[in-house]
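**Q** what follows is a predicted protein model with its sequence.
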Amino acid sequence: MGISVKLEAFEGPLDLLLHLIDKNKVNINDIPIVEITEQYMEYIRQIKKKDLDVMSEFLVMAATLINIKSKMLLPKDEKKEEEEQDPRQELVERLLEYKMYKYISMDLKDRELDAAKIMYRESSIPREIADYKEKIDTDSLLSDLTLAKLHRIFESVVKKQVDKIDPIRSKFGKIEKEEVNLSEKIQTIQRYGLLHRTFRFRGLLEKQSGKMNVIVTFLGVLELIKVGQLEIVQNNLFDDIVITFTGNAVTELDDNLVLN
Amino acid sequence: MEIKKLEAAIEAILFTMGEAVELERIAAAVEHDVDTTRKIIRNMMDRYEGENRGIQIIELDGAFQMCTKAEMYDAIVKITHVPKKHVLTDVLLETLSIIAYKQPITKLEIEAIRGVKSDHSVNKLIEYNLVCEVGRMDAPGRPILFGTTEDFLRSFGIHSLEDLPVLNPEKLEDFKLEAEEEIQLKLDV
Amino acid sequence: MEIKKLEAAIEAILFTMGEAVELERIAAAVEHDVDTTRKIIRNMMDRYEGENRGIQIIELDGAFQMCTKAEMYDAIVKITHVPKKHVLTDVLLETLSIIAYKQPITKLEIEAIRGVKSDHSVNKLIEYNLVCEVGRMDAPGRPILFGTTEDFLRSFGIHSLEDLPVLNPEKLEDFKLEAEEEIQLKLDV
């Protein structure tokens, strides 16, 4: 699939998804999740700018897509089938809501063009009247305010400010950046592969601390399968996935493949 | 004061003030009750609208303002330079429509719908005076709630928030159908 | 353009311009000759005059201007004297408390604490005479410093800022601890 549009052109993950749905000419209520997820991943690999804020928003959606994909691959519990919701349902609702606001904003744009043609005039109150300034009665304005109340309000302002500074993160410094560094994660998997050659997927994931590491490890595995350095075998559904590393060195992957 | 005189006074008031004037203030100035005053103004609005006039009276959330009719624009640009207004990007329009429909709304809620950080957009909209703080949410951290301003109504030719196009479930259905048709259309091409 | 439309255009032009506009400019804008245009405007003047209108068109040395009729003076005086309703909203109270405790403070510093643009609140507080400029900061751009007014102090019956209840350092520590506990709680869940 040729990628003609730059990721920067998209306002966010929802925008990108809508574009993909549009481009694939598929029904929003019946998203072919496997294809769309693949294409989505393809796009986010294009991000070259090291903008962590943007990146993390796109990654969260990537995780959501992969989660939906895995849920759809699971066999349905026949007993519960009726109550079971399509795993895509929530995403579809979000997409529809987002699309609705995009649609409304176009309507607003038209209204703005029309309204811009209406002219107003400055007020022209005669000087002698304008000079009359209503005396604002400070006392009555402040009648409901006590010093204690003012103090309470200020306290809550200060408290909010403190809340905003996440005390734990601010002590850690730049830890987030490492968490989502795909290129490093890929090299770690390669090193692990050189050492163990054949290993269980579950075992690999269990070594990861935190959700972000699991997600990025998963992405790394997908990436290495794609470039032909990993082979996977799963004999039965729910069996452990067994991974064999077929590469022979820790390599620097193409820049395009690096997420961060 | 007989009605004709009352109308003349209101016309003079709206002309002189230029800005939007709250109904209560107009009523106090012409020394009539609010309901009568509103009726008289609405009557005037109809007349301005129907007659071949170049000006009109618009209602903005319980206030009234005198302005030109949109179709006079061409004549006016011929005589004077009309300053260009700031152009709202699609991102700003998107954020603005969410705020308009969901107000009062917190930044977090806006971000949940858009899927991206929205500080920049919200701040720009505040700077353009289209959006303002309307209070604090009664929740942990007491986040700021945002809503639209009178300038928003004026800039988009909306008379009150109730005047915004309705978004009922059927509308959403229509919208879905439309989107599907769009897709069908593209398939056909 | 038929006469009715011409009149509407002239009305819109005179309304927007406010000042006196030379006949020639009006004629050029409506794309008619000077004589016809003059005739039409004089006609409009008669109509405005005869009808019970609040506004009129006057001729000033070959130029025309729209203005209120003299007898409307009382109505205009009244509207400017109708007291506006002033209320201290939560947003204003919050800004006021920051200025009271942190003065002298710049707008940028207020915005840093609140996390949003605060021009509107600061301006309103100045209008209400609760806040005023107290100087300039010795920094690039020499930003304005704001503080509370004497009226503000007087209405609380306090004599100086030192009389404001103190926010003690222990309290601040408490807040920090509380915030940390909250986060720990979230992590544990």
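**A** Nice, thanks for sending it over. Numbers count the residues shown, from 1 in each chain, chains lettered A, B, ... in the order given.
**Q** what number of residues lie near the closest residue to B:I126 other than its chain neighbours?
**A** Once flanking residues are discounted, B:I126 sits nearest to C:K117: 4.6 Å by C-beta to C-beta, 6 or more residues apart in numbering or on different chains. Using the backbone N, CA and C atoms, a C-beta is placed for each residue, glycine as well. C:K117 has 21 neighbours, counted by other C-beta atoms under 10 Å in any protein chain shown.
**Q** residue contacts, C:K117?
**A** Residues in contact with C:K117 (C-beta atoms under 8 Å, 6 or more residues apart in numbering or on different chains) are B:123, B:126-127, C:111.
**Q** which SS class is the residue nearest to B:T149 when sequence neighbours are not counted?
**A** Nearest non-adjacent residue to B:T149, counting by C-beta to C-beta, 6+ apart: B:C132, 5.1 Å away. When classified by DSSP: H, G, I helix; E, B strand; the rest coil, B:C132 comes out as strand.
**Q** look up the residues forming beta bridges with B:C132.
**A** B:G147 (DSSP bridges).
**Q** wait, it sits on C:S121?
**A** No - at 9.4 Å, B:C132 does not count as touching C:S121 under the criterion of C-beta atoms under 8 Å.
**Q** which of the contacts of C:K117 has the most neighbours?
**A** B:I126 (19 neighbours).
**Q** what's the neighbour count on B:T106?
**A** With other C-beta under 10 Å as criterion, B:T106 counts 19.
**Q** list the contacts for it?
**A** B:137, B:143-146.
**Q** the contacts of C:K117: which two are farthest apart?
**A** Spatial extent of those (C-beta to C-beta) is set by the pair B:E127 and C:E111 at 11.2 Å.
**Q** tell me the centre residue of chain B?
**A** Chain B has B:L153 as the residue nearest its centroid, 1.2 Å off, counting by C-alpha atoms, centre = their mean.
**Q** er, chain A actually
**A** Centre-nearest of chain A using C-alpha atoms, centre = their mean is A:E57, 2.6 Å out.
**Q** could you find the closest non-adjacent residue to that residue?
**A** B:V116 (5.3 Å).
**Q** got it, and A:I215?
**A** That would be A:A63: by C-beta to C-beta, 6+ apart, it lies 5.0 Å from A:I215.
**Q** helix/strand/coil for that neighbour?
**A** The three-state label for A:A63, taken from three-state DSSP, comes out as helix.
**Q** state the distance from it to A:K149.
**A** 46 Å (C-beta to C-beta, to the nearest Å).
**Q** now do the strands in the stretch 51-200 of chain A.
**A** Counting by DSSP state E, counting those that start in this stretch, the stretch 51-200 of chain A has these strands, from start to end: A:198-200.
**Q** in it, where is pLDDT below threshold?
**A** A:51-54, A:76-84, A:131-134, A:162-180 (pLDDT under 70).
**Q** hmm, 80 instead?
**A** Low-confidence segments of the stretch 51-200 of chain A (pLDDT under 80): A:51-56, A:74-85, A:126-137, A:159-182.
**Q** quick one: name the residues of it near chain B.
**A** Contact residues (C-beta under 8 Å from any C-beta of the partner chain) of the stretch 51-200 of chain A with chain B: A:53-54, A:57, A:61, A:94, A:96-109, A:111-112, A:114-125, A:156, A:160, A:163.
**Q** who has more neighbours out of B:C132 and C:S121?
**A** Using other C-beta under 10 Å as the criterion, B:C132 and C:S121 rank with C:S121 on top: 26 against 20.
**Q** next, count neighbours for the residue nearest to A:E57.
**A** Neighbourhood size, B:V116 [other C-beta under 10 Å]: 21.
**Q** and what of B:P83?
**A** 5.
**Q** returning to what we had before: looking at A:A63 and A:K149, which is more packed in?
**A** Neighbour count, other C-beta under 10 Å: between A:A63 and A:K149, A:A63 has more, with 16 against 12.
**Q** pull the contacting residues for A:Y101.
**A** B:94, B:97-98, B:101, B:113-114.
**Q** next one: A:F154
**A** By C-beta under 8 Å, 6+ apart, the neighbours of A:F154 are C:97-98, C:100-101, C:167.
**Q** any idea which helix or strand carries the residue nearest to B:L130 when sequence neighbours are not counted?
**A** The shortest distance from B:L130 to any non-neighbouring residue, by C-beta to C-beta, 6+ apart, is to B:F152 (4.5 Å). Assigned by DSSP states H and E, B:F152 belongs to helix B:150-155.
**Q** neighbouring contacts of that helix?
**A** By C-beta under 8 Å, 6+ apart, helix B:150-155 touches A:112, A:115-116, B:20, B:58, B:60-61, B:63, B:65, B:85, B:96, B:100, B:128-131, B:158-161.
**Q** which parts of that helix are buried?
**A** B:150, B:152-155 (16 or more other C-beta atoms under 10 Å in any protein chain shown).
**Q** just these now: which is nearest A:R88?
**A** For the buried residues of helix B:150-155, the nearest to A:R88 is B:F152 (35.4 Å; C-beta to C-beta).
**Q** ok so, going back, which of the residues of the stretch 51-200 of chain A next to chain B count as buried?
**A** Using 16+ other C-beta under 10 Å as the burial test, these include A:54, A:57, A:61, A:94, A:96, A:98-102, A:104-105, A:108, A:111-112, A:115-121, A:124-125, A:156, A:160, A:163 as buried.
**Q** the residues of the stretch 51-200 of chain A next to chain B in helices, which ones?
**A** Under the assignment DSSP state H, those contribute A:53-54, A:57, A:61, A:94, A:96-109, A:111-112, A:114-115, A:156, A:160, A:163 to helices.
**Q** what about the closest residue to A:A148 other than its chain neighbours, neighbour count?
**A** Sequence neighbours aside, C:P165 is the residue nearest to A:A148 in space, at 6.8 Å (criterion: C-beta to C-beta, 6+ apart). By other C-beta under 10 Å, the residues close to C:P165 number 14.
**Q** pretty sure C:P165 sits against A:L147.
**A** Yes - applying C-beta under 8 Å, one finds C:P165 in contact with A:L147, separated by 5.9 Å.
**Q** quick one: the strands in chain B?
**A** B:21-22, B:55-60, B:63-68, B:131-136, B:144-148 (DSSP state E).
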